[in-house]
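Enquirer: Return a 3D structure for these sequence lines:
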Amino acid sequence: MEQMAVLSELKKFSTAEKIFILEELWDSISAEQESFGLTGEQMDELDRRVADYYSSPDDGCSWEDVKNRIRSMK
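Expert: Purely as a prediction, here's the structure:
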């Protein structure tokens, strides 16, 4: 079945049915963990960010501050 045909059919389902299908799809994707492998470059960047955080944990903003800034932009 073509992707557009599948999407067209999915739109006919109730919200609860769509959520169930979404959960099932996500579970099947997460079971294929090899597809989530990070490249060496991505791992290096994550390591750099973690090291930055540990060297200066007070330099960032709290999640509350970030949310408030985003909400004030509206």
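
Enquirer: Helices of this structure, start to end?
Expert: 3-10, 15-31, 40-55, 63-72 (DSSP state H).

Enquirer: now those in a markdown table, with mean neighbour count and mean pLDDT?
Expert: From N, CA and C alone the C-beta is placed, and that goes for glycine too. A markdown table is the format used below for those (neighbours: other C-beta atoms under 10 Å; pLDDT from 0 to 100):
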| stretch | mean neighbour count | mean pLDDT |
| --- | --- | --- |
| helix 3-10 | 10 | 91 |
| helix 15-31 | 10 | 90 |
| helix 40-55 | 10 | 94 |
| helix 63-72 | 9 | 93 |
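
Enquirer: Please parse this protein into its domains.
Expert: 1-37, 38-74 (automatic domain parsing).

Enquirer: I'd like to know how far the residue sitting nearest the centre point of the chain sits from residue 20.
Expert: The centroid of the chain falls nearest to residue 26 when counting by C-alpha atoms, centre = their mean (11.2 Å). For residue 26, the distance to residue 20 (C-beta to C-beta, to the nearest Å) stands at 11 Å.

Enquirer: With residue 44 instead?
Expert: 39 Å.

Enquirer: now do residue 2
Expert: In terms of C-beta to C-beta, residue 2 sits 23 Å off from residue 20.

Enquirer: do the same with residue 46
Expert: 33 Å.

Enquirer: Also residue 41?
Expert: Residue 41 is 37 Å from residue 20, by C-beta to C-beta.

Enquirer: And residue 29, by the same measure?
Expert: Residue 29 is 15 Å from residue 20, by C-beta to C-beta.

Enquirer: for residue 5, same thing?
Expert: From residue 5 to residue 20 the distance is 20 Å (C-beta to C-beta).

Enquirer: Repeat that for residue 32.
Expert: Distance from residue 32 to residue 20, by C-beta to C-beta: 20 Å.

Enquirer: ditto for residue 31
Expert: 17 Å.

Enquirer: Provide the backbone phi and psi angles at residue 59.
Expert: Here is the backbone geometry of residue 59 (degrees, to the nearest 10): phi -80, psi -20.
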